[in-house]
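# one predicted model, sequence on top.
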Amino acid sequence: MKEGFTQVVKEYDVIVIGAGPGGMTAALYASRANLSVLMLDRGIYGGQMNNTAEVENYPGFKSILGPDLAKEMYESSTQFDAEYAYGNVEKITVNDNNMKTIKTDSDEYAAKALIIATGSQYKKLGVPGEDEYGGRGVSYCAVCDGAFFRDREVIVVGGGDSAIEEGSYLTQLVKKVDVIHRRNELRAQKILQDRAFANPKIDFVWDTIVTEIEGDGQKVTGVKTHNKKTGQDEKLPINGVFIYVGVEPMSEPFNGLGITDEDGWIRTNEKMETAVPGVFAIGDVRKKELRQITTAVGDGSIAGQGVFSYIESLK
Ligand code: FAD
């Protein structure tokens with residue numbers, strides 16, 4: 001055993017991997033059903049809510065800061081003795097007796113059932129200013145942040161389905177959308193392209209990449225662009241930059257279970273069950289249409305209830 005590595009095997013009825021809104025809801029339901037529950041997360045509880053300045057579309061709160069909502073959810077999710085521990089989950093093994101072994105970077109746990117709630121991450125552009133102004137003008141979620149740019153001009157970076165769909169959605173809120181795309185044609189479905197080309201609020205900037213996001217220390221003030229065909233560099237004064245250059249599931253530790261599709265999204269049925277008995281998946285890591293706090297919470301309640309039935313069925 002390498003130095004500093006403690007191998008602690010502790011057993012639970014349910015282990016929830018990821019303490020975002022999905023995982024915390026699942027933990028609430030499962031612990032309220034009297035199951036022993038451990039939530040493991042490699043970061044602070046709350047998941048992507050911690051990257052959200054203001055949430056205006058979670059019922060019950062007209063407006064709440066993402067980290068505050070995370071704290072409220074954490075207090076609910078642990079009120080029936082669900083435990084929370086640090087752990088970067090690296091590997092899952094399903095034993096012959098259907099017990100699951102969960103290996104983190106430092107410990108090992110066992111559970112009768114597993115709920116995967118590890119979420120997804122937006123691919124980044126990787127340009128200067130992107131991280132610095134995340135949540136302060138740089139966004140990866142039009143549904144979440146579009147309303148903050150009401151009647152202003154914004155840019156959308158990308159040319160796939162998400163970029164065009166979200167760009168079209170934004171036109172309901174903002175004054176104008178410039179879609180900046182590195183190619184001279186879109187990858188999005190034809191029907192989405194037709195709608196976008198017919199939309200008077202959308203303009204396209206072709207063959208162009210964003211090279212830097214600029215700000216005044218508080219918020220985004222503009223972007224620098226480079227036209228790959230003409231070689232021309234420009235500065236666009238803008239306050240909102242929506243980036244859609246792809247999104248990827250955080251499902252790597254589960255690749256060996258045969259529950260992901262070709263892009264890594266975890267497939268489930270309506271009960272949030274995967275193809276492996278006693279392994280559930282919820283929230284953004286799941287193959288689904290809308291990735292939001294409300295939908296993660298909905299998935300979490302279904303899995304938290306379903307896991308109770310699964311454990312009863314083992315008796
Ligand atoms: P997440 O919230 O992503 O949580 C996953 C957790 O799993 C994380 O804490 C992560 O650390 C952990 N994890 C991942 N891999 C491992 C591992 N191997 N081991 C241990 N832990 C792991 N939605 C709204 O409804 N309203 C909004 O206003 C809104 N604004 C947003 C703004 C931004 C900038 C972003 C990025 C997203 C926003 N969303 C919003 C989307 C919303 O945050 C997500 O849909 C939601 O958080 C998904 O919940 P989840 O529980 O599935 O996953």
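All right, it came through fine.
# rest of the way, CA atoms for contacts and neighbours
Will do.
# the longest helix seen in the chain and the ligand in contact?
As assigned by DSSP state H, the longest helix anywhere in the chain is helix 293-313. Yes - interface with the ligand: helix 293-313 contributes 293, 294, 296 (CA under 6 Å from any ligand atom).
# by neighbour count, which of those wins?
Among the residues of helix 293-313 next to the ligand, the one with the most neighbours (other CA atoms under 10 Å) is residue 296, at 25 neighbours.
# tell me the pLDDT of that one.
Note for residue 296: predicted pLDDT of 98.
# identify the residues contacting the residue nearest to residue 93 when sequence neighbours are not counted.
Spatial nearest neighbour of residue 93, chain neighbours left out: residue 101 (5.1 Å); criterion: CA to CA, 6 or more residues apart in numbering. By CA atoms under 8 Å, 6 or more residues apart in numbering, residue 101 lies in contact with 92, 93, 94, 95, 108, 109, 110, 111.
# and which of those residues is nearest the ligand?
Nearest to the ligand among the contacts of residue 101 is residue 92, at 10.4 Å by CA to the nearest ligand atom.
# helix/strand/coil for the closest one?
Assigned by DSSP: H, G, I helix; E, B strand; the rest coil, the conformation of residue 92 is strand.
# and what of residue 291?
coil.
# that one touches residue 298, doesn't it?
No - the criterion here is CA atoms under 8 Å, and residue 291 misses it with residue 298 at 11.1 Å.
# low-scoring stretches of the stretch 151-300 of the chain, by residue?
Across the stretch 151-300 of the chain, nothing is flagged by pLDDT under 70.
# same for the longest helix of the chain, what does it pack against?
On a contact count with 3 or more CA pairs under 8 Å, 6 or more residues apart in numbering; DSSP states H and E, helix 293-313 meets helix 21-32, strand 108-116, strand 279-281.
# list the buried residues of the longest one.
In other words, helix 21-32. Across helix 21-32, burial judged by 16 or more other CA atoms under 10 Å covers 21, 22, 23, 24, 25, 26, 27, 28, 29, 30, 31, 32.
# in TSV: those, plus pLDDT.
Shown next, in TSV, are the buried residues of helix 21-32 (pLDDT from 0 to 100):
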residue	pLDDT
21	98
22	98
23	98
24	98
25	98
26	98
27	98
28	98
29	98
30	98
31	98
32	98
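# hang on, the earlier thing: and the longest helix of the chain, how far from the chain's centre?
18 Å (CA atoms, centre = their mean, to the nearest Å).
# could you list the buried residues of that helix?
293-308, 310.
# ok, the residue positioned nearest the centre of the chain - contacts?
In the chain, the centroid-proximal residue (CA atoms, centre = their mean) is residue 120; its distance is 3.8 Å. Residues in contact with residue 120 (CA under 8 Å, 6+ apart) are 247, 248, 249, 250, 284, 285.
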